[in-house]
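Trainee: Dropping a prediction and its sequence here:
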Amino acid sequence: MTRLPSHPRFVSLEGGEGAGKTTVLDALRDALRRSGDEVVCTREPGGTPLAEMIRDLLLDPDHEPPAAEAELLLMFAARAQHVRETIRPALERGAWVLCDRFTDSSYAYQGAGRGLDAGFIAALERHAVGLQPGLTLLLDIDVDRGRARVRGRDPQPDRIERERDDFFERVRAGYRARAAAEPDRFRVIDAGQAADAVAAEAVRQLQAWRVQA
Ligand code: Z5A
């Protein structure tokens, strides 16, 4: 399989529910800004006005539930727009891009979770995205612990958060398999630790990457 082009300043954060991506993203942004770099923080699905509208269609439990294939295609419609309008322009002007979820989420949720064919996802990735992060931090956490964190925070779960535990177990296994298959790009962080420890480990990994990249 041909590897897609990657960019060293493009960093994605991945993980299951309640892994702490949002918390870690703030710490990474602060660390890079202290070094004087421009940093763009963004998320998926979302990151442009159109992609945020697609996010609402995807996550609002009051909308008609999409078929698995429709869910995947909407994720990629949002991603194509996001790459074109936000990510590539930021990388081209020399900024770091910190992205809360990217294409690995589609492999984990729609591929491993919903059982869609990885070859189909790879074709969409090649034709509609054409770009990979240089570094992906996978925040790995036990499904029960992650879900308990989110339940504590959010009394109104979104449509995907309403899935059953076995779905999230498949998602976690999908992520771990991807990380094992691409050790040069992925760093796996134990997200079951205290928030400060997770953030410190993520910043350490980013700084090490920055020196080498
Ligand atoms: N999705 C998809 O299916 N396919 C795709 O291609 C893409 C996405 C791109 C996005 O919703 C959903 O879309 C997501 C995958 C799917 N669905 N799910 N489930 P989202 O962005 O709203 O959901 P999320 O990414 O899962 O966000 P999250 O649940 O908020 O997780 P998080 O950002 O990793 O966690 P957090 O907000 O930083 O922390 C969660 C809570 O835990 C919060 O109260 C923190 O204070 C607490 N926390 C964080 N870290 C710790 C530690 N270390 N200890 C204790 N407590 C902690």
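Mentor: Looks like it came in fine.

Trainee: burial of A68, as a residue count?
Mentor: 15 (other CB atoms under 10 Å). To be clear about C-beta, it is placed using only N, CA and C from the backbone, and glycine gets the same treatment.

Trainee: what's the answer for I54, then?
Mentor: The burial count for I54: 21, using other CB under 10 Å.

Trainee: for T22, same thing?
Mentor: Other residues lying near T22 total 11 when counted by other CB under 10 Å.

Trainee: Same question for the one 10 residues further on.
Mentor: If you count neighbours by other CB under 10 Å, L32 ends up with 22.

Trainee: quick one: is the host helix or strand of it near the ligand?
Mentor: L32 is part of helix 21-34 when elements are defined by DSSP states H and E. Yes. Using CB under 6 Å from any ligand atom, helix 21-34 reaches the ligand at K21, T22, T23.

Trainee: do stretch 161-178 as well
Mentor: Yes. Counting by CB under 6 Å from any ligand atom, the ligand is contacted by stretch 161-178 at E161.

Trainee: Strands along this structure, start to end?
Mentor: Listed in chain order, the strands of the chain (DSSP state E) span 6-15, 39-43, 96-100, 132-140, 186-190.

Trainee: Helix or strand with the lowest mean pLDDT in the protein?
Mentor: Lowest by mean pLDDT, DSSP states H and E among the helices and strands of the chain is helix 143-153, with a mean of 90.

Trainee: That helix - contacts with which helices or strands?
Mentor: In terms of contacts (3 or more CB pairs under 8 Å, 6 or more residues apart in numbering; DSSP states H and E), helix 143-153 is packed against helix 165-181.

Trainee: and the helix it packs on, what does it pack onto?
Mentor: With 3+ CB pairs under 8 Å, 6+ apart as the test, helix 165-181 has strand 132-140, helix 143-153, strand 186-190 packed against it.

Trainee: Quick check: which of the ones you listed is buried the most?
Mentor: Among the helices and strands packed on helix 165-181, judged by mean count of other CB atoms under 10 Å, the one packed with the most neighbours on average is strand 132-140 (a mean of 23).

Trainee: Parallel or antiparallel, which strands does that one pair with?
Mentor: On the basis of DSSP bridges, the sheet neighbours of strand 132-140 come out as strand 6-15 (parallel), strand 186-190 (parallel).

Trainee: So, low pLDDT: which residues of this structure?
Mentor: For the chain, the stretches with pLDDT under 70 are 1-2.

Trainee: which bits of it sit near the ligand?
Mentor: By CB under 6 Å from any ligand atom, the residues of the chain that approach the ligand are 15, 17-23, 44-45, 59, 75, 101, 105-106, 109-110, 149-150, 153, 160-161, 194-195, 198.

Trainee: Of the residues you listed, just the buried ones, PyMOL syntax please.
Mentor: PyMOL command restricting those to the buried ones, with burial defined by 16 or more other CB atoms under 10 Å:
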select buried, resi 15+17+18+19+20+21+44+45+75+101+105+106+109+110+149+160+161+198
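
Trainee: Tell me which residue is most central in the protein.
Mentor: Averaging the C-alpha coordinates of the chain gives a centre point, and the residue nearest to it by CA atoms, centre = their mean is R101 (1.4 Å).

Trainee: just the angle between the least confident helix or strand of the chain and strand 6-15, please?
Mentor: Computed by axes from the mean of the first three to the mean of the last three CA atoms, to 10 degrees, the angle separating helix 143-153 from strand 6-15 equals 80 degrees.
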